[in-house]
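1. here is the input, now give the coordinates:
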Amino acid sequence: MSTLDETIRSLSRESLPRHVAIIMDGNGRWARHRGLPRSAGHYKGVDSVRVITEMASDIGLEYLSLYAFSTENWSRPQEEVDTLMHLIGMAIENETPALLRNNVRLKLVGDIEGLPAEARERLERSSRRLEGNTGLTLALCLNYSSRWELSRAARRIARDAAEGRLDPEAVDSGEIERRLSTFPMPDPDLLIRTGGELRISNFMLWQAAYTEFCFTPTLWPDFDKLSFAQALLQYRGRERRFGKTSEQVKRQDTKTSI
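-> The predicted structure is shown next:
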């Protein structure tokens, strides 16, 4: 049996996170190390998206969020931005039949109206085709950043309060969450960042309050099923206390298992 098979077999359904978020970093460096244009890294990165989405669906994850394009990425060279916009729309459109067969639903997270018309129309068309599926929810985070998202939520709350639809004293975390672009998905249990950087780059700042982090030096185009399985094994070894002590968590786990 291969190392991959052994690792995947060791992952029990009960130990899996419900929601995994991934910052897909390293496409440009992968290409540069091979003397290729940055666009080659982005095209190769699509293969990793396909592989990881298939594995997430196969092992029974409920949600997989992929940070594909941030609001800050508009500052990149125009040629690279144009390539990314074309690639994202084309790749999802091409993958839609496979996603349909695998019962995967597509959720678009971010300021989708701000995308170029061609990419937006392709993405929205695919999302409509997949909306009846009941398996893995694949959330593509596009033209997204947490500061954009939280600013938009604050504007919506202020507008509702000013127009008398919301008592300011009633604003709590639930009111904020309902206005986030990720709603109604649960917060990510595990956030993986590839490429070796040790930051989360304005991604799901609110949602990641109690998320477990996994940083790997593996560049996104090289991130394969074994890499994903090893990150999930790391998660399984974490103790998630949510402000409690280890003893409290152990007692709670004991009660749950009885």
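2. quick one, helices of the stretch 51-200 of the chain?
-> With DSSP state H, counting those that start in this stretch as the criterion, the stretch 51-200 of the chain has helices at 78-101, 117-130, 146-162, 173-177.
3. OK, contacts around E121?
-> By Cβ atoms under 8 Å, 6 or more residues apart in numbering, the contact list for E121 reads G89. From N, CA and C alone the C-beta is placed, and that goes for glycine too.
4. what pLDDT is listed against it?
-> Looking at E121, its pLDDT stands at 97.
5. any idea how far it lies from L115?
-> In this view, E121 and L115 are 9 Å apart by Cβ to Cβ, to the nearest Å.
6. same check, this time on T3
-> Applying Cβ to Cβ to T3 and L115 gives a distance of 40 Å.
7. same deal with P168?
-> Distance from P168 to L115, counting by Cβ to Cβ: 34 Å.
8. between these two, who's got more neighbours?
-> A count of neighbours by other Cβ atoms under 10 Å puts L115 above the other of P168 and L115, at 21 against 10.
9. roughly how far apart are L140 and Q230?
-> From L140 to Q230 the distance is 24 Å (Cβ to Cβ).
10. likewise for V109?
-> Applying Cβ to Cβ to V109 and Q230 gives a distance of 26 Å.
11. again with P188
-> 18 Å.
12. the more surrounded of the two?
-> For the pair P188 and Q230, the greater number of neighbours falls to P188 (26 against 16), based on other Cβ under 10 Å.
13. contacts only, for the residue lying closest to the more buried one once chain neighbours are set aside.
-> Distances taken as Cβ to Cβ, 6 or more residues apart in numbering put A21 closest to P188, at 4.0 Å, once the chain neighbours are dropped. Counting by Cβ under 8 Å, 6+ apart, A21 makes contact with 64-67, 188, 190-192, 203-204, 207-208, 211.
14. likewise T218?
-> G26, T194, G195, S227.
15. show the pLDDT at the second one.
-> Looking at T194, its pLDDT is 98.
16. send the alpha carbons of stretch 132-144 over as PDB?
-> Provided in PDB are the C-alpha atoms of stretch 132-144 (Å, rounded to 0.1, in the frame of the first residue of the first chain):
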ATOM      1  CA  GLY A 132     -29.000  21.700  -6.700                       C
ATOM      2  CA  ASN A 133     -26.000  19.500  -5.600                       C
ATOM      3  CA  THR A 134     -25.900  18.400  -2.000                       C
ATOM      4  CA  GLY A 135     -22.300  17.200  -1.400                       C
ATOM      5  CA  LEU A 136     -19.200  19.300  -0.900                       C
ATOM      6  CA  THR A 137     -19.600  23.100  -1.100                       C
ATOM      7  CA  LEU A 138     -16.700  24.600  -3.100                       C
ATOM      8  CA  ALA A 139     -16.400  28.300  -2.200                       C
ATOM      9  CA  LEU A 140     -14.300  30.300  -4.600                       C
ATOM     10  CA  CYS A 141     -13.100  33.500  -2.900                       C
ATOM     11  CA  LEU A 142     -12.700  36.100  -5.700                       C
ATOM     12  CA  ASN A 143     -12.200  39.800  -5.500                       C
ATOM     13  CA  TYR A 144     -12.400  39.100  -1.800                       C
END
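17. buried residues, it. List them.
-> For stretch 132-144, the neighbour count (16 or more other Cβ atoms under 10 Å) marks N133, G135, L136, T137, L138, A139, L140, C141, L142, N143, Y144 as buried.
18. export these to JSON lines and tack on pLDDT and distance to Q234?
-> What follows is the buried residues of stretch 132-144, written out as JSON lines (pLDDT from 0 to 100; distance: Cβ to Cβ, whole Å):
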{"residue": "N133", "pLDDT": "98", "distance to Q234": "29"}
{"residue": "G135", "pLDDT": "98", "distance to Q234": "24"}
{"residue": "L136", "pLDDT": "98", "distance to Q234": "21"}
{"residue": "T137", "pLDDT": "98", "distance to Q234": "23"}
{"residue": "L138", "pLDDT": "98", "distance to Q234": "22"}
{"residue": "A139", "pLDDT": "98", "distance to Q234": "22"}
{"residue": "L140", "pLDDT": "98", "distance to Q234": "24"}
{"residue": "C141", "pLDDT": "98", "distance to Q234": "22"}
{"residue": "L142", "pLDDT": "98", "distance to Q234": "27"}
{"residue": "N143", "pLDDT": "98", "distance to Q234": "30"}
{"residue": "Y144", "pLDDT": "98", "distance to Q234": "25"}
